[in-house]
Structure formats: C-alpha cells, structure tokens
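Student: generate a structure from the sequence data that follows.
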Amino acid sequence: MTSGKTVSARDSTGMPVPLEAAADALYRAACEAARQHERVGRLSKAGAHHSEMQEAAELRDVTHRHLKERAALYEASAAGGRGDRDEAYWHAANALWHAARDYGRRHAGYDAAAAKLGKHDTERLSALALEYELEASALLAMRNAMATYKKLRPDVALS
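Tutor: Numbering: from 1, shown residues only. Alright, predicted model coming up:
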C-alpha cells in the first residue's frame with residue numbers, strides 16, 4: 001500500500017501532521033486513556049466519595065475523547081500510505097490504531113449499557129457484565145499494541 005505521493009493530514013490549525021507524529025500522539029493518548037480508565041477502577045475499589053468518582057470519570061471521558069481524535073488524525077495521516085517507513089513500524093502503528101478504535105467503541109458500549117441499566121434485572125446485568133468484559137479485553141489488546149509500538153519507538157513517551 002505504498003503510495004508515490006504522501007498525502008499529509010492536517011490538524012485543527014491546518015498544519016500538516018506526518019505519519020510518525022500522528023502515530024506517536026495516538027500512542028500517548030492511548031497511554032493516558034488507559035491510565036485514567038484504571039484510575040477510575042482503583043478509586044471505585046477504594047470506595048472513593050461520589051464527587052471524586054464523578055470528577056475522575058469526567059477526566060477519563062476527556063482522555064477517551066482525545067484518544068478518539070488522535071485515532072481519527074492517525075487514520076487521515078495513514079491514508080497516504082506508509083511511504084518509506086518499514087513494514088514493522090507500519091504494522092505496529094496500524095495495530096495500535098485498530099486497538100484504540102476498538103477500545104473506544106467498547107468503552108462507549110459499556111457506558112451505553114450502564115446508562116440503560118435502570119432496574120437491576122438479570123438480563124440487563126448480564127448485558128452490562130458482557131460489555132464490561134469486552135471493554136476489558138479491548139483495553140488489554142490496546143495495551144499489547146502500545147507495548148509493540150513502544151518497542152519500535154522507545155523514545156515516544158514523554159513521561
């Protein structure tokens with residue numbers, strides 16, 4: 001899928017975004033989304049106060065929105081093909097993109113199922129449990145894709 005002409009995506013300011021910059025930003029967004037997701041889980045397990053849980057969930061939602069935006073920017077950047085990037089990098093970046101999109105979709109599915117819960121009947125609880133398991137699986141897949149990407153780009157993380 002190598003293209004002779006590389007079409008560069010543009011960010012919200014109109015600046016071109018090279019493939020590596022878009023993929024690195026996607027990696028960092030995935031790291032933060034996973035971290036905030038796990039933070040909400042730890043706070044819940046610790047019995048944090050409702051207001052703290054609500055604020056942590058809002059922060060988590062911001063990171064998920066950011067992840068979705070970075071995935072869209074990577075998709076636009078990757079539309080021009082891999083250019084002169086090697087096959088391993090191209091596959092690792094695309095795997096991260098796929099995993100991030102799936103995780104975002106699963107997280108949205110879990111939120112929708114939780115919002116519909118209302119009465120705690122067995123069928124709805126089962127559906128919520130299934131959505132939870134699918135989201136957990138998607139998070140694990142995203143973490144694995146992040147690890148693979150980081151092996152190829154060890155200096156990608158800022159912290």
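Student: please make it C-alpha for all contacts and neighbour counts, starting now.
Tutor: OK.
Student: sheet-wise, list the partners of the least confident helix or strand in the chain by mean pLDDT with their directions.
Tutor: Taking mean pLDDT, DSSP states H and E as the measure, the helix or strand of the chain with the lowest value is strand 9-10, at a mean of 78. Applying DSSP bridges, strand 9-10 is found paired with strand 16-17 (antiparallel).
Student: residues making contact with the partner strand?
Tutor: With contact meaning Cα atoms under 8 Å, 6 or more residues apart in numbering, strand 16-17 is reached by 8-11, 77.
Student: what mean pLDDT does stretch 72-81 get?
Tutor: Across stretch 72-81, the average pLDDT comes to 92.
Student: and that stretch, how far out from the chain middle?
Tutor: Relative to its chain's centre, stretch 72-81 lies at 16 Å (Cα atoms, centre = their mean, to the nearest Å).
Student: and what of stretch 26-41?
Tutor: Distance of stretch 26-41 from its chain centroid, counting by Cα atoms, centre = their mean, is 8 Å.
Student: any buried residues in it, and which?
Tutor: By 16 or more other Cα atoms under 10 Å, the buried positions in stretch 26-41 come out as 26-34, 36-37, 39-40.
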